[in-house]
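**Student:** dropping the sequence and predicted coords here.
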Amino acid sequence: MKNVLVTGGSSGIGLSITKKFIKEKYNVAVIGRDEKKMKILKEKLGDNLYYFKYDLAEIKSIPYLVNNIADSFGVPEILVNNAGINMKKEFFSVTDEEFLKIINVNTISVFALSREVGKKMAINNGGVIINISSMASQYGLPKVIAYTASKSAIEGMTRAMAVELAQYNIRVNCVAPGFIMTEMSANALNNDPERKQKVLSRTPMGRLGTAEEIANTVFFLANNESSYITGTVLPVDGGNSIGF
């Protein structure tokens, strides 16, 4: 039974990823900030779910976190870097501090966590790292400059990591979700009919995606069915990124 580590795995897309691996009988460790939510999740999903309360903004302590996870849960064979924060704000109003906060959580923590977990994977003869980026890295979206920068960096980092880590039998890929039907996105789009129509009109499949469809893609990339795939960025967006 393989060990899976999912950041931000107790809500939204991360929760669907967690549920998918649990359903397929994997051991899953979730990193999150809300211990109460993770405790409830463990009660629902059972003994194969483990959780670690941690704020990924605390970059310097990530090596300690990974050692703790390896000691108490085991070395992950699969790492899913899903956690991230966003901020909608006009370009001219974004401060340096706000920009750096997004980069810190969305990019630097992914690098640091992947580095520390990757070291242990290399000793254990390999593994899989899957990063979650965004449609914001595929084309320009207004009012999310820091988020866009962070997710664009994730995609470049995916390719660089894939090349460097292949010698250790570690595959690295990235999933770029399109407009996905989560509680947050549903509320935002339902309150803005014009934006919702714009989203749907440029999505050839004519609908929002589901979190389960992202989870299924992550599961595919994590397993032997994708054993010759590394360094890819896979949009899962109903064709939105190529729609007209």
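**Tutor:** Yep, that arrived.
**Student:** please enumerate residues in contact with the lowest-mean-pLDDT helix or strand in the chain?
**Tutor:** For the chain, counting by mean pLDDT, DSSP states H and E, helix 183-190 ranks last in confidence among helices and strands (a mean of 73). Residues outside helix 183-190 that contact it (CB atoms under 8 Å, 6 or more residues apart in numbering) are 12, 179, 195-196, 199, 208. Backbone N, C-alpha and C define where each C-beta goes, glycine included.
**Student:** flag the shaky bits of this protein, pLDDT-wise.
**Tutor:** For the chain, the stretches flagged by pLDDT under 70 are 184, 188.
**Student:** and the residue nearest the centre of it?
**Tutor:** Asn82 (1.9 Å; CA atoms, centre = their mean).
**Student:** was I right to think that one contacts Ile132?
**Tutor:** Yes: at 4.7 Å, Asn82 counts as touching Ile132 under the criterion of CB atoms under 8 Å.
**Student:** quick check: buried residues in stretch 103-118?
**Tutor:** 103-114, 116-118 (16 or more other CB atoms under 10 Å).
**Student:** show me what contacts the residue nearest to the centre of the chain?
**Tutor:** Residues in contact with Asn82 (CB under 8 Å, 6+ apart) are 6-9, 13-14, 17, 132.
**Student:** just the buried residues out of these, in PyMOL syntax.
**Tutor:** Buried subset of the contacts of Asn82, written as a PyMOL selection, criterion 16+ other CB under 10 Å:
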select buried, resi 6+7+8+9+13+14+17+132
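**Student:** residues making contact with stretch 65-81?
**Tutor:** Under the contact criterion CB under 8 Å, 6+ apart, stretch 65-81 has outside partners 2-7, 9, 14, 17, 21, 26-27, 29, 31, 50, 52, 54, 110, 113-114, 116-118, 120-121, 123-124, 126-132, 154, 218, 222.
**Student:** next one: stretch 112-129
**Tutor:** Residues contacting stretch 112-129 (CB under 8 Å, 6+ apart): 5, 7, 56, 59, 62-63, 65-67, 70, 75-79, 81, 131, 161, 165, 168-173, 221-222.
**Student:** what subset of those is buried?
**Tutor:** By 16+ other CB under 10 Å, those give 5, 7, 56, 62, 65-66, 70, 75-79, 81, 131, 161, 165, 170-173, 221-222 as buried.
**Student:** hang on, the earlier thing: so which of the contacts of helix 183-190 sit within strands?
**Tutor:** Among the contacts of helix 183-190, no member is found in strands (DSSP state E).
**Student:** so which of those sit within helices?
**Tutor:** Of those, the ones assigned to helices by DSSP state H are 12, 195-196, 199.
**Student:** put the alpha carbons of the biggest helix by length in the chain into CSV.
**Tutor:** If you go by DSSP H, the chain has its longest helix at helix 145-165. The C-alpha coordinates for helix 145-165 follow below in CSV (Å, rounded to 0.1, in the frame of the first residue of the first chain):
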residue,chain,number,x,y,z
ILE,A,145,-1.0,39.1,-10.7
ALA,A,146,0.8,37.4,-7.7
TYR,A,147,-1.2,34.2,-8.1
THR,A,148,-0.4,34.1,-11.8
ALA,A,149,3.3,34.6,-11.2
SER,A,150,3.3,31.9,-8.5
LYS,A,151,1.5,29.3,-10.7
SER,A,152,3.6,30.1,-13.8
ALA,A,153,6.7,29.5,-11.7
ILE,A,154,5.2,26.1,-10.6
GLU,A,155,5.0,25.0,-14.3
GLY,A,156,8.6,26.0,-15.0
MET,A,157,9.7,24.3,-11.9
THR,A,158,7.9,21.1,-12.8
ARG,A,159,9.9,20.8,-16.0
ALA,A,160,13.2,21.6,-14.3
MET,A,161,12.5,19.2,-11.5
ALA,A,162,11.5,16.4,-14.0
VAL,A,163,14.8,16.7,-15.8
GLU,A,164,16.9,16.7,-12.7
LEU,A,165,15.0,14.1,-10.7
